[in-house]
Every structure is written in C-alpha cells, then in structure tokens.
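**Q** okay, predicted coordinates and the sequence, questions at the end:
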Amino acid sequence: MLIAGNWKMNLDMPAARQLAGSIRNNLEDPGQVQVVLCPPFAYLDAVYGLVHGSPVSVGAQNMHAEESGAFTGEISASMLRSVGCSHVILGHSERRQYFGETDASVRDKVAQALRHGLVPVVCVGESLKERDAGRAEKVVSDQIRGALEGIEYPGKGRLVVAYEPVWAIGTGRTASPGEAQAIHAHIRSELATLFNAGDAAHINILYGGSMKPENADALLSEPDIDGGLIGGASLQAESFLAIVRAAMRA
Ligand code: PEP
C-alpha cells in the first residue's frame, strides 16, 4: 500500500513546513504502508529536511525528461534526487490538460526517472465524456501503453500507477469502489501484458479522485486498489493521516 499527498500549487513555506511536521509527528508506525508527500518544487528541500529519518518519503509533482541544459523553468531527475526525492508524479491529468503533456512525453519522463532511481507515479484516467461514451477502459489502456511500452520492468516497488478519473479530481465526486476496482483490474491486466502477471501483481495501483477519510476504507479494501493519490485531503494533516490509517487497516 502507498498513500501519496499531492499538494499541487498550494501553501506557503511556513504552512508547508507545518503540514509536513505535523504529519511526521502524528504518524504512527505505518507498517507496510508507504507514505509520500509531494509538495511544490520550492519546498522539497525543506520538507525532506523535516521528514528525513521518519517513515515519510518525498516526491515531486513533475520533472523534465532531459538530463540538464537550456530548459528555463524546468527541473531534472538528478536535481530531484539531490534534494531527497524518491518518487515523482508523471502525467497528472492537470499536466496533460493545461501543459500539453502527451503519452509520449510521459514515456520519456518515465524512462528518465527510472534511469535516476526515482519511482515514477504514472497517472492515467478518462474524462467524463469518455466514460459516458463507454471508452474508459480503452482510454486508460492507451495511456498505460503510451507511457510504458518499451520500458523494462524496473523491479518490485520501482513503478507506481495512479488511476485518476478526471471527473473525480477535485470535484467531490468519487468513483464507487466497484467502478474503481473494475478499472484497476483492467490496468493490472494491461500491465501483465506489458510485463508479466507476476510483476504486474507487485505494481501498486493507486486510486485518486476525491479520496477522503469517509470513503477511503471502502476504496482501499478493493483487491486491486493498492493505495491512494490524495489531493485536497492531503492539505490537512488530520485528513491525510486518517487515510493513512485506513490503508493500514486494509
Ligand atoms: C489529484 O489531483 O491527484 C487528486 C486526487 O485530487 P483530489 O483528491 O483533490 O481529487
């Protein structure tokens, strides 16, 4: 199980420090549950400094696929490693929608992240229009293949997928546990054809989209839901930790 908090473009430095500190101080031993905080780039170093030595890891929300060079405003995999990141979210639907990310650019970033020992959290998910047209599985399959085709299985725990139906992100509307489970099982079968069934069984597939303490138990008890990527509910230590506790129970 893995619970990751995507803070998006929120908080100032004092608030980021307070949130990270409060999560670290109030987290009971999470056992088998990995806990990852993904603050904005500007706070990575500070958040890492606060959680280093605790069970909490740090991830970034994006990165560039190139090694270094004239890419103003961008950040590289080795930079993220140098400030303590272990994970990086790639292909979030907001990146696809507002910043022109494509499956091909996500694939380049996945390859680069893996070269540098970062665990990519590859986001996929259909829009409401695509779901209503009965195309959710096809859309998600295309995104999985587009992002991972030709990538060698990096080993247990080295690759994470997040299913985030676009219509459930930040809307308060959540996929029902059954709806989410059906797509998660489909994603796992796609991963089994790309790698093999044994390896696919060890890839954490997270659900993201208005996960909160009230619905976390039901979602996380589904067999193919291996954790959550949490947006809004990750901005309060109390609600984030309640989701971590739900993962510990699952
Ligand atoms: C997200 O954007 O990754 C997300 C899951 O957001 P929220 O929990 O706010 O829907």
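**A** Ah, there it is.
**Q** the closest residue to Leu44 other than its chain neighbours and the ligand, how far apart?
**A** Of all residues not flanking Leu44 in the chain, Val83 sits nearest, at 4.7 Å (C-beta to C-beta, 6 or more residues apart in numbering). For glycine as for every other residue, the C-beta is placed from the backbone atoms N, C-alpha and C. Distance of Val83 to the ligand, given as C-beta to the nearest ligand atom, to the nearest Å: 21 Å.
**Q** which ones are touching Val83?
**A** Applying C-beta atoms under 8 Å, 6 or more residues apart in numbering to Val83 gives the contacts Leu44, Asp45, Tyr48, Val58.
**Q** most widely separated two among the residues you listed?
**A** Asp45 and Val58 (9.1 Å; C-beta to C-beta).
**Q** more neighbours: those two, which one.
**A** Neighbours were counted for Asp45 and for Val58 using other C-beta atoms under 10 Å; Val58 has more, 25 against 15.
**Q** okay, and the beta partners of the most centrally placed residue in the chain?
**A** Centroid-nearest residue in the chain, with C-alpha atoms, centre = their mean: Val121, separated by 4.4 Å. Going by DSSP bridges, Val121 is paired in beta bridges with Ile89, Val160.
**Q** do you know how far it is from Gln61?
**A** According to C-beta to C-beta, to the nearest Å, Val121 and Gln61 sit 10 Å apart.
**Q** same check, this time on Ala200
**A** Ala200 sits 26 Å away from Gln61, going by C-beta to C-beta.
**Q** what sits in contact with each of Val121 and Gln61?
**A** Common neighbours of Val121 and Gln61 are listed as Val88, Ile89 (criterion: C-beta under 8 Å, 6+ apart).
**Q** which parts of stretch 55-73 are buried?
**A** Neighbour-count burial for stretch 55-73 flags Val56, Ser57, Val58, Gly59, Ala60, Gln61, Asn62, Met63, His64, Ala65 (criterion: 16 or more other C-beta atoms under 10 Å).
**Q** and the helix or strand that contains Ala242, what does it pack onto?
**A** Applying DSSP states H and E as the criterion places Ala242 in helix 237-249. Packing partners of helix 237-249 (3 or more C-beta pairs under 8 Å, 6 or more residues apart in numbering; DSSP states H and E): strand 2-6, helix 13-26, helix 213-220, strand 227-230.
**Q** run through the neighbouring helices and strands of the second one.
**A** Pointing back at helix 13-26 there. Checking 3+ C-beta pairs under 8 Å, 6+ apart, helix 13-26 ends up next to strand 34-38, helix 44-51, strand 56-60, helix 237-249.
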